[in-house]
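Trainee: just coords:
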């Protein structure tokens, strides 16, 4: 097993949400908010999985739509409440 030093790794920019999209999402733009939700959709789907039994009695992992909806609503609420600090805000 190899050990990686994460401090030296640059942040991959292809996995980040662009800054203008974040600004528009915070201001309430629905298209930008959809892009944020699409960005976090794989993680939300992973977090909303739960065990269930199929017809033959085997355990399978399914996505719980109620948990998924709650996570999406919490994400939207967090984005809307997000404060962006600019140079003009720091001077106050």
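Mentor: Done, it's in. All of these numbers come straight from a predicted model, not from anything done at the bench.
Trainee: pretty sure residue 44 sits in a helix.
Mentor: Yes. If the criterion is DSSP: H, G, I helix; E, B strand; the rest coil, then residue 44 is within a helix.
Trainee: quickly list what the closest residue to residue 54 other than its chain neighbours is bridged to.
Mentor: Distances taken as C-beta to C-beta, 6 or more residues apart in numbering place residue 60 nearest to residue 54, at 5.3 Å, with adjacent residues excluded. No exception for glycine: its C-beta is placed from N, CA and C like everyone else's. For residue 60, the beta-bridge partners under DSSP bridges are residue 52.
Trainee: residue 60: neighbour count?
Mentor: 11 (other C-beta atoms under 10 Å).
Trainee: and the pLDDT at it?
Mentor: On the pLDDT scale, residue 60 is placed at 91.
Trainee: show me the shaky parts of this structure.
Mentor: Scanning the chain for pLDDT under 70 picks out 1-13, 89-92.
Trainee: in it, which spans are strands?
Mentor: Secondary structure of the chain, counting by DSSP state E: strands at 49-53, 59-63.
Trainee: got those as CSV, with distance to residue 70 columns?
Mentor: Shown next, in CSV, are the strands of the chain (distance: least, C-beta to C-beta, whole Å):
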stretch, distance to residue 70
strand 49-53, 13
strand 59-63, 12
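Trainee: looking at those strands, spot the one closest to residue 76.
Mentor: Smallest distance to residue 76 across the strands of the chain (C-beta to C-beta): 18.5 Å, for strand 59-63.
Trainee: okay, the residue nearest to residue 39 when sequence neighbours are not counted and residue 82: tell me how far apart.
Mentor: Using C-beta to C-beta, 6+ apart and skipping the chain neighbours, the partner closest in space to residue 39 is residue 17 (5.3 Å). Using C-beta to C-beta, to the nearest Å, residue 17 is found at 12 Å from residue 82.
Trainee: higher neighbour count, these two?
Mentor: More crowded of residue 17 and residue 82, by other C-beta under 10 Å: residue 17, with 15 against 11.
Trainee: I'd say that one and residue 35 touch.
Mentor: Yes. Residue 17 is in contact with residue 35 according to C-beta atoms under 8 Å; the separation is 7.0 Å.
Trainee: hmm, who's touching stretch 52-72?
Mentor: Contact with stretch 52-72 is made by 37, 44-45, 47-51, as judged by C-beta atoms under 8 Å, 6 or more residues apart in numbering.
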